[in-house]
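K.L.:
missing the sequence, but the structure's below:
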């Protein structure tokens, strides 16, 4: 059994970016912890009936999204087998919750760090904005989570935060700073990426399957790639589990303020369709430097963790990555 810690910036990121990985790990009998750094206070709201929650009006979206997050976690927990455990905590909250448990963190007050909003927005100047957090202080809070979770593998964003969101970039920065404070005996570390071939396949699928009448934007073959899209050879680990798309989709539906879910696809408030493909990819990185570790010559992409592996085997070893071939 392997222990995994997924570190994310906002509610819904855990399901959007790693819902398949979380569900798959639970299905394989591994323990999973999820750390969320903010409550997505500055998010947009899709349903008109909930529009009053936004920061510019009631400024209570954080409380609503905390509930969404708890319900989404419960949906992901439905994939558990073999006594696998799923837990969640918020950065600085000092309390863990488990789906289905009678005691969950209260939603009566905001957590330590606030959603910073998109790059260049005034919300980044808020005194609690995560992007402006003292790095040492935030790292120490993550150290406490790492010590409690004791993971074999940590999963978080690439250096550009997946799509450039300041809180995603800060999340990775804080994770690396926390690992540096731990010193020795560090967990393995991977960042979330997407191989270019998958993006091209997904765009073809979307053009063939998303009804025109939905009014969604379908990325064209010429659309720019997100910063997290990488050449296929960068990928060291993957989870391919299309049978878990239903679990991920049900979890996404709980994030109703942020996501609209269709048959095999979803869209955020920007109206751009994205495929629920049932697969996720990762690149191994050195936990001491943050640099990518290239796949060893001739090595195949590995599963995120070995099925039924003994504790501590996060499938990152000399057979999969080369510490001497970093990028």
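P.N.:
Nice, I can see it. The shown structure was predicted, so the numbers you read here are calculated from the model rather than taken from an experiment.

K.L.:
residue ranges for the strands of the protein, please.
P.N.:
3-8, 31-36, 86-90, 153-156, 188-195, 229-230, 237-240, 260-261, 265-267, 273-275, 279-285, 293-295, 302-303, 321-326 (DSSP state E).

K.L.:
Any idea which of those has the lowest pLDDT on average?
P.N.:
Among these, strand 321-326 carries the lowest mean pLDDT, a mean of 37.

K.L.:
Format the strands of the chain as JSON lines; extra columns: mean neighbour count.
P.N.:
For every residue, glycine as well, the C-beta is placed using N, CA and C. Converted to JSON lines, these look like this (neighbours: other Cβ atoms under 10 Å):
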{"stretch": "strand 3-8", "mean neighbour count": "25"}
{"stretch": "strand 31-36", "mean neighbour count": "26"}
{"stretch": "strand 86-90", "mean neighbour count": "23"}
{"stretch": "strand 153-156", "mean neighbour count": "27"}
{"stretch": "strand 188-195", "mean neighbour count": "25"}
{"stretch": "strand 229-230", "mean neighbour count": "20"}
{"stretch": "strand 237-240", "mean neighbour count": "21"}
{"stretch": "strand 260-261", "mean neighbour count": "18"}
{"stretch": "strand 265-267", "mean neighbour count": "21"}
{"stretch": "strand 273-275", "mean neighbour count": "20"}
{"stretch": "strand 279-285", "mean neighbour count": "25"}
{"stretch": "strand 293-295", "mean neighbour count": "21"}
{"stretch": "strand 302-303", "mean neighbour count": "19"}
{"stretch": "strand 321-326", "mean neighbour count": "15"}
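
K.L.:
Reformat those strands as JSON lines; add distance to residue 131.
P.N.:
Converted to JSON lines, these look like this (distance: least, Cβ to Cβ, whole Å):
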{"stretch": "strand 3-8", "distance to residue 131": "15"}
{"stretch": "strand 31-36", "distance to residue 131": "16"}
{"stretch": "strand 86-90", "distance to residue 131": "17"}
{"stretch": "strand 153-156", "distance to residue 131": "16"}
{"stretch": "strand 188-195", "distance to residue 131": "19"}
{"stretch": "strand 229-230", "distance to residue 131": "24"}
{"stretch": "strand 237-240", "distance to residue 131": "29"}
{"stretch": "strand 260-261", "distance to residue 131": "27"}
{"stretch": "strand 265-267", "distance to residue 131": "26"}
{"stretch": "strand 273-275", "distance to residue 131": "25"}
{"stretch": "strand 279-285", "distance to residue 131": "22"}
{"stretch": "strand 293-295", "distance to residue 131": "28"}
{"stretch": "strand 302-303", "distance to residue 131": "34"}
{"stretch": "strand 321-326", "distance to residue 131": "27"}
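
K.L.:
Out of these, which is closest to residue 212?
P.N.:
Closest to residue 212 of the strands of the chain, according to Cβ to Cβ: strand 273-275, at 11.0 Å.

K.L.:
right, so of the strands of the chain, which gets closest to residue 249?
P.N.:
Nearest to residue 249 among the strands of the chain is strand 260-261 (5.3 Å), distances taken as Cβ to Cβ.

K.L.:
next one: that closest one to chain centre, how far?
P.N.:
Remark: strand 260-261 is offset 18 Å from the chain centroid, using Cα atoms, centre = their mean, to the nearest Å.

K.L.:
List the contacts of that strand.
P.N.:
46, 249, 252-253, 266-268, 276 (Cβ atoms under 8 Å, 6 or more residues apart in numbering).

K.L.:
and the residues you listed, which two are the farthest apart?
P.N.:
46 and 276 (17.2 Å).

K.L.:
Neighbour count for these two, which is higher?
P.N.:
Taking other Cβ atoms under 10 Å, residue 46 and residue 276 do not tie; residue 276 has more neighbours (22 against 17).

K.L.:
Against residue 89, how distant is that one?
P.N.:
Computed with Cβ to Cβ, to the nearest Å, the distance linking residue 276 and residue 89 is 26 Å.

K.L.:
cool, and residue 228?
P.N.:
25 Å.

K.L.:
just the helices in the stretch 101-250 of the chain please.
P.N.:
Under the criterion DSSP state H, counting those that start in this stretch, the stretch 101-250 of the chain contains helices at 135-149, 161-164, 166-182, 196-209, 245-253.
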